[in-house]
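>>> sequence below, structure please.
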Amino acid sequence: ELGDDVYGQLAFNTRRALQLAEYHYQQNKEPDGYNPCVNFFCCAYEIEFNARIFEPVAAKLIESGIRDYPSPDSPNSQRRFAILVHGRVRPTAVGSAVFHLKGDKQLRQILLSLKVNADEVIAGADKFVGLRNPSAHGQLADKAYAERVRQLLLGPVSILKDLIPK
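Take a look at the predicted model:
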């Protein structure tokens with residue numbers, strides 16, 4: 001559904017997670033048993049987001065000499081959501097990364113240097129977080145919920161497309 005121009009550019013692990021998501025989506029017979037496919041769809045987005053957005057942003061921060069992000073002196077600094085601590089990249093959830101991307105012009109400039117539209121990436125990731133979090137935190141997923149997640153990733157306005165450089 002994504003087309004070869006997008007699907008072919010996705011990381012192997014992203015494609016594999018999408019394949020597993022589709023398999024579970026097609027095979028499911030339980031009315032509220034769609035969590036496995038939702039989880040695989042979410043995993044696919046997280047893999048691609050981390051590879052195309054988060055890791056390059058962290059690398060550019062390090063290249064520019066930043067060792068702690070956000071700075072410990074920053075009024076909004078919460079260490080548990082830090083991207084860099086003492087020059088080391090910390091695993092960061094998509095929602096936390098988007099929080100930083102929304103509020104920092106420097107990070108938005110880095111996104112522009114990656115040849116992606118910062119507004120589209122942030123908007124898509126926001127939609128993703130809104131659909132991912134309920135399922136990730138204990139809500140059972142029915143077919144309608146799974147279909148919303150599926151369309152967000154595979155539909156005509158796929159948020160995966162926003163992660164591909166233009």
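>>> how about the residue lying farthest from the centre of the chain, secondary structure?
Distance from the centre of the chain peaks at Lys29, with 28.2 Å (Cα atoms, centre = their mean). Classification of Lys29 by DSSP: H, G, I helix; E, B strand; the rest coil places it in coil.
>>> got a list of what it touches?
Contacts for Lys29 were tallied using Cβ atoms under 8 Å, 6 or more residues apart in numbering; there are none. C-beta coordinates here come from the backbone N, C-alpha and C atoms, glycine included.
>>> now the phi/psi pair for Gly87, please.
Backbone torsions for Gly87, taken as degrees, to the nearest 10, come to phi 80, psi 10.
>>> just Val89 next, same as before
phi -80, psi 130.
>>> that one - how many residues pack around it?
With neighbours defined by other Cβ atoms under 10 Å, the count for Val89 comes to 17.
>>> didn't it look like it was pressed against Pro56?
No: Val89 is not in contact with Pro56 according to Cβ atoms under 8 Å; the separation is 11.1 Å.
>>> and the pLDDT at the residue farthest from the centre of the chain?
Lys29 is assigned 89 on the pLDDT scale.
>>> what's the answer for Asn76, then?
Note for Asn76: predicted pLDDT of 59.
>>> where does pLDDT dip in this protein?
Counting by pLDDT under 70, the chain shows low-confidence ranges at 74-80.
>>> show me where the protein has strands.
Taking DSSP state E as the criterion, the chain carries its strands at 84-85, 88-89.
>>> kindly export the lengthiest helix in the chain (C-alpha atoms) in PDB.
Longest helix in the chain by number of residues, with DSSP state H as the criterion: helix 118-136. What follows is helix 118-136, C-alpha atoms only, in PDB (Å, rounded to 0.1, in the frame of the first residue of the first chain):
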ATOM      1  CA  ALA A 118       9.700  19.300  10.400                       C
ATOM      2  CA  ASP A 119       6.000  20.200  10.700                       C
ATOM      3  CA  GLU A 120       4.900  17.000   8.900                       C
ATOM      4  CA  VAL A 121       7.300  14.800  11.000                       C
ATOM      5  CA  ILE A 122       6.100  16.400  14.300                       C
ATOM      6  CA  ALA A 123       2.400  16.200  13.300                       C
ATOM      7  CA  GLY A 124       2.700  12.600  12.200                       C
ATOM      8  CA  ALA A 125       4.600  11.600  15.300                       C
ATOM      9  CA  ASP A 126       2.000  13.400  17.500                       C
ATOM     10  CA  LYS A 127      -0.800  11.300  15.800                       C
ATOM     11  CA  PHE A 128       1.300   8.200  16.300                       C
ATOM     12  CA  VAL A 129       1.800   8.800  20.000                       C
ATOM     13  CA  GLY A 130      -1.900   9.400  20.500                       C
ATOM     14  CA  LEU A 131      -2.700   6.000  19.000                       C
ATOM     15  CA  ARG A 132       0.200   4.100  20.300                       C
ATOM     16  CA  ASN A 133       0.000   5.000  24.000                       C
ATOM     17  CA  PRO A 134      -3.400   3.500  24.900                       C
ATOM     18  CA  SER A 135      -2.500   0.100  23.400                       C
ATOM     19  CA  ALA A 136       1.000   0.200  24.900                       C
END
